[in-house]
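# using only what follows, build the 3D model:
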Amino acid sequence: MQVMHFTMKQILEISGGITNTVFPEVEHLLNKSTVYYKALKYIASRKDMTLYESVMDFIFCELHPGWRNRCRKYYLSGKEEDQLKSLINSKQRDEFCRRMLQALEIAKRQWEEQMRRSWSWLVTEMKKAA
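Numbering: from 1, shown residues only. As a prediction, this is how the structure comes out:
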């Protein structure tokens, strides 16, 4: 008797969700090279990315935990006024974008060196650099 097993795997889109169109520089980096996405998955291996609608939402909310509830609110409402582009100003957008790009560069270095680090280590490194 032959038994079939099926496995479902959720693959997140790079963009969408609460961060839709807010950080094109970060989206471009992730779309331009698979290295950054692989590095992100490497350093966030213990994180549950499936809680988010997109990779961008994951990066943003995990680097800025105070925004997680607003993200969930958007997921429930789907209203444009609950998207990040309606909630932040240009100065905040620039700072969030800078931090996300920095996080991807740190993750990439760790992945290239095959140094197993945690997401909390990455956040600590970012705070040191700030």
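# so which residues of the chain form helices?
Ranges of helices in the chain, per DSSP state H, are 24-32, 34-43, 55-63, 68-77, 90-112, 119-129.
# quick one: residues in contact with stretch 81-94.
Here stretch 81-94 makes contact (C-beta atoms under 8 Å, 6 or more residues apart in numbering) with 18-23, 60, 67, 70, 73-74, 80, 96. Quick note: C-beta positions are derived from backbone N, CA and C, even for glycine.
# what about 7 Å?
Residues outside stretch 81-94 that contact it (C-beta atoms under 7 Å, 6 or more residues apart in numbering) are Ile18, Thr19, Asn20, Thr21, Val22, Arg70, Lys73, Tyr74, Glu80.
# now, of the helices of the chain, which is deepest in the fold?
helix 55-63 (a mean of 23; mean count of other C-beta atoms under 10 Å).
# tilt between that helix and helix 68-77?
150 degrees (axes from the mean of the first three to the mean of the last three C-alpha atoms, to 10 degrees).
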